[in-house]
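no FASTA, just this:
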């Protein structure tokens with residue numbers, strides 16, 4: 001695998017050393033709660049305006065906008081599956097990570113920060129979401145040689161520990 005993979009606790013909207021951050025978006029790419037709310041608040045109203053012509057998106061899809069007031073070049077917006085509603089959940093969740101990395105590669109980005117897609121309001125069990133996320137990123141990175149670093153940014157210590165444990169198990 002090329003590229004460095006890491007997990008850390010923090011605020012996805014404050015990853016100033018990353019080329020792009022990934023938004024756990026809703027289908028309409030509107031501000032919301034959680035990650036989407038934090039990124040939209042920090043980016044400013046221009047982000048919502050840039051998203052309008054790209055919406056709606058479907059589960060597994062990834063689209064890219066400028067980052068505006070965020071300390072990054074771009075935001076990659078991914079719509080994760082709602083657990084128990086959007087099926088097949090695992091394939092759709094994996095598609096989010098794969099499509100985001102491939103989009104980053106096409107745009108010449110060297111670093112991407114992900115939240116735990118679908119593991120919040122969309123109800124995906126954290127452990128299963130972490131396994132899918134880490135496995136998909138490991139699988140996809142060899143096809144994205146320009147990406148040097150992928151960071152998972154988790155909001156709380158418990159989520160960070162789950163991601164780190166699974167990452168350590170798969171090294």
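Looks like it came in fine. Being a predicted model, the structure only gives us computed values, none of them experimental.

please name the nearest non-neighbouring residue to residue 19.
Nearest non-adjacent residue to residue 19, counting by CB to CB, 6 or more residues apart in numbering: residue 109, 4.1 Å away. (Each C-beta comes from the backbone N, C-alpha and C, glycine too.)

and for that neighbour, the neighbour number?
Neighbourhood size, residue 109 [other CB atoms under 10 Å]: 22.

that one touches residue 144, doesn't it?
No - using CB atoms under 8 Å, residue 109 is not in contact with residue 144, being 9.3 Å away.

and the residue nearest to residue 19, what does it touch?
By CB atoms under 8 Å, 6 or more residues apart in numbering, the contact list for residue 109 reads 19, 20, 73, 74, 146, 147.

what's near enough to touch residue 37?
Applying CB under 8 Å, 6+ apart to residue 37 gives the contacts residue 31.

show me what contacts residue 143?
Residue 143 touches 102, 105, counting by CB under 8 Å, 6+ apart.

correction: the previous question concerned residue 127.
Each residue near residue 127 by CB under 8 Å, 6+ apart is listed here: 162, 166.

A helix includes it, no?
Yes - membership of residue 127 in a helix is supported by DSSP: H, G, I helix; E, B strand; the rest coil.

that one and residue 116: what is the separation?
The gap separating residue 127 from residue 116 is 11 Å, by CB to CB, to the nearest Å.

list the buried residues for the top helix by length along the chain?
For the chain, the longest helix by residue count, based on DSSP state H, is helix 89-106. Neighbour counts over helix 89-106 (16 or more other CB atoms under 10 Å) mark 89-90, 92-101, 103-105 as buried.

quick check: the gap between residue 83 and residue 90.
Residue 83 sits at a distance of 10 Å from residue 90 (criterion: CB to CB).

what about the chain, any weak spots by pLDDT?
1-3 (pLDDT under 70).

run the last query once more with 50
Along the chain, segments meeting pLDDT under 50 span 1.

where along this structure do the strands fall?
4-9, 20-24, 62-66, 74-78, 111-114, 149-154 (DSSP state E).
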